[in-house]
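Q: Starting from these lines, generate the structure:
(one chain, ligands or ions: 2)
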Amino acid sequence: MSSDPFMSQLAAGLLPEIGGVLTPGPLAELAKRRFLFFTGKGGVGKTTTAAATALALARSGKRVLITMCNTKERLSSVLGTRPIGDQVMECLPGVSAVNIHPGLALAEYGELVLKVKTIANAVFGNEYIKAFLRAVPGLHEWAMLGKAWFHTTEQGPDGRNRFDVVIFDAPATGHGLDMLRVPNIILEVAPPGVLRRDAQRATEMFRDAERTGIVVVTLPEEMPVTETVELVTAIRGELKMSVLQLFVNAVLPPIFSDEEQALFASRPDLLKLRAAELAEQGVESALVAGARRAVREQVQRESLRRLFGELAEAAVLFPHLLDDASTRRGTERLAAVLASAEVAGRPVKPG
Ligand SMILES: Nc1ncnc2c1ncn2[C@@H]1O[C@H](COP(=O)(O)OP(=O)(O)O)[C@@H](O)[C@H]1O
Ligand SMILES: [Mg+2]
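A: Ligands and ions are numbered 1, 2, ... in the order given. Okay, here's the model as predicted:
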């Protein structure tokens, strides 16, 4: 069990101030799900924390698949592996990944439904049909989400599930909700048949909190917290789904005491735009850097207090990785935090 010094640093100051505690790690709860849906605004660390979750789950003996949606993939750098393409590949022991291409996924799906590859190719390779399919609302999105869902139903040669957990790294287009709305749209437009039947089965799984867990990733900053509160409220309200976990990424351990914070507050000149330029001496420029850090810590504390005040979901705080961001080593550190017996955050609500 790793005990990241980050957690004791937070326990000493930040946690009590924001209404957080040291709480049992969430890995066992995450491991019970067949499907983990990672959502949140772009740049908050969805891909990074999804990779860390996959690593931690694989270590605990699960076979994990990470699915991405037709993205300029960063996962391979986050995991330190070969580039990840549109075919499922095992990139680390127990961790497979695929960058889903909607056109390919649709053709694959067609092949499953139509049974014969040549017919499927003729149908899905046809330009008119492609143009027609592009016009069906939500179909390309469904092709990606549906493929991810399909992998939860897939069986290996031994008759066991090929993957214990499928992680869906949702695209960040617009509101994080878009992807979760897709099965409902397909249910509305699809004629009775295989597509509709699958969309129904997938929707049932997504709505089943025992099988599907929604993980909302955010940052301890003003805008991301505001957007997260909106996102979670919409997931509960419009979609009538529940959020399993909040992941608060890139938290800075506080380094200044209250007195030091007050000291910086008494020197607003240090935060002026040209302060760094004007600080010729080493000491003065260190003061400028310190003042900026003090402001970040203050924003972080306020944002987290608001997040915890407005939402009651279980939460885990992940450390800021500084120089280790986007490296295997950094991802391992986050995975170790997830797998530890105790994490900084907030427990799952009882009941
Ligand atoms: N804990 C962290 N500490 C520092 N930087 C991080 C952390 N997590 C992610 N990052 C950096 O933030 C950026 C966005 O991360 P990424 O996981 O790609 O976000 P998303 O998938 O939500 O767009 C990347 O440059 C990544 O290296
Ligand atoms: Mg991403």
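Q: tell me which element the closest residue to ligand 2 within the stretch 1-150 of the chain is part of?
A: At 3.3 Å from ligand 2, residue 47 is the closest residue in the stretch 1-150 of the chain, using CB to the ion. (Glycine included, C-beta is placed from N, CA and C.) Using DSSP states H and E, the element containing residue 47 is helix 46-59.
Q: Would you indicate which residues of that helix are buried?
A: By 16 or more other CB atoms under 10 Å, the buried positions in helix 46-59 come out as 46-59.
Q: moving C-terminal of the helix or strand where residue 318 lies, what's the next helix or strand?
A: Per DSSP H and E: residue 318 is located in strand 315-319. With elements assigned by DSSP H and E, the helix or strand that comes after strand 315-319 is helix 328-339.
Q: Buried residues in that following helix, which are they?
A: 328, 330-339.
Q: Under a three-state scheme, what state does residue 163 occupy?
A: coil (DSSP: H, G, I helix; E, B strand; the rest coil).
Q: how much space is there between it and residue 177?
A: Applying CB to CB, to the nearest Å, the value for residue 163 to residue 177 is 25 Å.
Q: The two - which one has more neighbours?
A: residue 163 (23 against 17; other CB atoms under 10 Å).
Q: ranges for the strands of the stretch 51-200 of the chain?
A: Secondary structure of the stretch 51-200 of the chain (DSSP state E, counting those that start in this stretch): strands at 64-69, 89-92, 95-100, 165-169.
Q: Contact residues of this structure facing ligand 1?
A: Within the chain, the positions lying close to ligand 1 (CB under 6 Å from any ligand atom) are 40, 42-48, 74, 172, 249-250, 318, 320-321, 325-326.
Q: and the residue of the stretch 251-351 of the chain nearest ligand 2?
A: Residue of the stretch 251-351 of the chain nearest ligand 2, by CB to the ion: residue 326 (11.1 Å).
Q: Check the stretch 101-250 of the chain too.
A: Closest to ligand 2 within the stretch 101-250 of the chain is residue 169: 5.9 Å, counting by CB to the ion.
Q: That residue against residue 47, yeah?
A: Yes: counting by CB atoms under 8 Å, residue 169 does reach residue 47; the two are 5.6 Å apart.
Q: Name the residues contacting each of these two.
A: Counting by CB atoms under 8 Å, 6 or more residues apart in numbering, the common neighbours of residue 169 and residue 47 are 68, 75.
Q: Any idea how many residues pack against the closest residue in space to residue 346 that isn't next to it in sequence?
A: Spatial nearest neighbour of residue 346, chain neighbours left out: residue 315 (4.4 Å); criterion: CB to CB, 6 or more residues apart in numbering. By other CB under 10 Å, 26 other residues sit near residue 315.
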